[in-house]
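Engineer: could you work out the structure for the sequence below:
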Amino acid sequence: MPVKNRFAELHDQITEWRRDLHEHPELMFDTHRTSALVEEKLKAFGCDEVVTGIGRTGVVGVIRGKATGSGRVIGLRADMDALPIHEETGVDYASKVDGKMHACGHDGHTAMLLGAAQYLAETRNFDGTCVVIFQPAEEGGGGGREMCEDGLMDRFGVQEVYGMHNWPGIAEGQFAIRPGPFFAATDVFNIGIEGLGGHAAKPNETIDPIVMSGQLISALQTITSRNADPTEQLVVSVTSIQSSSNAFNVIPQSVHLLGTVRTMSAEMRDLAETRMQALCDGMGAGFGGSITLDYKRSYPVMANHADQTDFAADVARSVSGQCDEAPLIMGGEDFAYMLEERPGAYILMGNGDTAKVHSPDYNFNDNAIPAGCSWWAGIVEQRMPA
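Structural biologist: Next up is the predicted model:
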């Protein structure tokens, strides 16, 4: 099954949808325009059921095949939300909303799944039920978790679930995947360092939180270099430093550090939190001040299931001729919650030699649309053959 002719015919239309979504980016759960557009199109395609409000602003469409005797139900998921980034692409369909843009390609994911839904509703050449899932708030909001908590899997009887993400650096329309842990768990931390402020000329009369923060930032890196098994993946990054003063001649009272921890296993996740707490407690006491750690666990490790990964790779090879092994990715992906609920797989589709995701000059590659739509359709038709 190479790229389907129908998607070549629909290519311009799907591209128009994608660019319209690109012009009107929405953040987190505030995907009201996007969700309404998705709902309208799914109803126009003739989906057997269209449900809104799953996970606040999520949309679900149900498409039954020519036969349903197999009893199989496959879920296909796309994300809808954008990022708080000012766009610098210069394209004529650039974001019309200042400070917001589709810098990760979710506009492309949504448009491709809409294209696949239109085709599947037209042909229904499968034995079973396809559930198309349009999710808000992937970018840090946990929309996937909220859709699952709203009963997504049980309500629609989903047995397997599949997701896709475009990926710059992979050839346009090609695919890559790996079984097991794929995207990292993403935790965040807020560290409060409390000292004793005073005059910069009299440091002996202070407990300097700037010095404490410098020592702590260096010490945090020893979690990876000296505590973690070198064969495991663990990243600790301090991403923000803020003090209670911005004067040249004042030693501040306090400093706040923000950052993130990325891991690929429960053991490393536990190790990171435990060692961070120990370092904060010990260093605070050692300097005569105090250091408090607020550690929040966010997205879990996204792990593909072996059988579904093999199948997803077979479908990818039938579309593009090959499917490479993907690298481990230390970014997070809240499709992890859906893969904790049901077996399934997540695949990368090549965006070509383009700017990286989450950058202001990134743009989804519309030339990849037919391949992505064909993969979606192939998942349904080959997993539930008529």
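Engineer: now the helices for the stretch 51-200 of the chain?
Structural biologist: 106-123, 143-149, 152-156 (DSSP state H, counting those that start in this stretch).
Engineer: of all the ones you listed, which lies closest to R72?
Structural biologist: Ranking the helices of the stretch 51-200 of the chain by distance to R72, with C-beta to C-beta as the measure, places helix 152-156 first at 12.6 Å. Every C-beta, even on glycine, is put in place using the N, C-alpha and C of the backbone.
Engineer: how about low-confidence regions in the stretch 1-150 of the chain?
Structural biologist: Residues of the stretch 1-150 of the chain meeting the criterion pLDDT under 70: 1.
Engineer: go with 80
Structural biologist: 1-3 (pLDDT under 80).
Engineer: now distance to L37 and mean neighbour count too, for the helices of the stretch 51-200 of the chain, in a markdown table please.
Structural biologist: Listed next are those as a markdown table, based on distance: least, C-beta to C-beta, whole Å; neighbours: other C-beta atoms under 10 Å:
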| stretch | distance to L37 | mean neighbour count |
| --- | --- | --- |
| helix 106-123 | 9 | 26 |
| helix 143-149 | 17 | 23 |
| helix 152-156 | 20 | 17 |
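Engineer: now render the ones you listed as TSV, adding distance to G214.
Structural biologist: Shown next, in TSV, are the helices of the stretch 51-200 of the chain (distance: least, C-beta to C-beta, whole Å):
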stretch	distance to G214
helix 106-123	38
helix 143-149	36
helix 152-156	46
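Engineer: could you point out the longest helix of this structure?
Structural biologist: helix 266-287 (DSSP state H).
Engineer: for that one, list every residue counted as buried.
Structural biologist: By neighbour count on 16 or more other C-beta atoms under 10 Å, the buried set for helix 266-287 is M268, R269, L271, A272, E273, R275, M276, L279, C280, M283, G284, F287.
Engineer: other SSEs contacting it?
Structural biologist: Helix 266-287 sits against strand 185-194, helix 209-220, strand 234-243, strand 254-263, strand 290-297, with contacts defined as 3 or more C-beta pairs under 8 Å, 6 or more residues apart in numbering; DSSP states H and E.
Engineer: okay, the ones you listed in CSV with mean pLDDT next?
Structural biologist: Shown next, in CSV, are the helices and strands packed on helix 266-287 (pLDDT from 0 to 100):
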stretch, mean pLDDT
strand 185-194, 98
helix 209-220, 98
strand 234-243, 97
strand 254-263, 98
strand 290-297, 98
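Engineer: so which of these is nearest G58?
Structural biologist: Closest among these, once you apply C-beta to C-beta, is strand 185-194, at 20.6 Å.
Engineer: from the contact counts, what lies against the closest one?
Structural biologist: Strand 185-194 is packed against helix 209-220, strand 254-263, helix 266-287, strand 290-297, with contacts defined by 3+ C-beta pairs under 8 Å, 6+ apart.
Engineer: for the residue positioned nearest the centre of the chain, which non-adjacent residue is spatially closest?
Structural biologist: The centroid of the chain falls nearest to E333 when counting by C-alpha atoms, centre = their mean (3.2 Å). Counting by C-beta to C-beta, 6 or more residues apart in numbering, F183 is the residue found nearest to E333 once chain neighbours are left out, at 4.1 Å.
Engineer: and if you look at G198?
Structural biologist: Distances taken as C-beta to C-beta, 6+ apart place T206 nearest to G198, at 3.9 Å, with adjacent residues excluded.
Engineer: hmm, L196 and that neighbour touching each other?
Structural biologist: Yes - with contacts counted by C-beta atoms under 8 Å, T206 reaches L196, the gap being 5.1 Å.
Engineer: higher neighbour count, those two?
Structural biologist: The neighbour count for T206 versus L196, taken as other C-beta atoms under 10 Å, is higher for T206 (20 against 15).
Engineer: return the residues in contact with that one.
Structural biologist: G195, L196, G197, G198, H199, I251 (C-beta atoms under 8 Å, 6 or more residues apart in numbering).
Engineer: what about 6 Å?
Structural biologist: L196, G198, I251 (C-beta atoms under 6 Å, 6 or more residues apart in numbering).
Engineer: now render the residues you listed as a markdown table, adding distance to D294 and pLDDT.
Structural biologist: Output for those, formatted as a markdown table (distance: C-beta to C-beta, whole Å; pLDDT from 0 to 100):
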| residue | distance to D294 | pLDDT |
| --- | --- | --- |
| L196 | 22 | 97 |
| G198 | 26 | 97 |
| I251 | 24 | 97 |
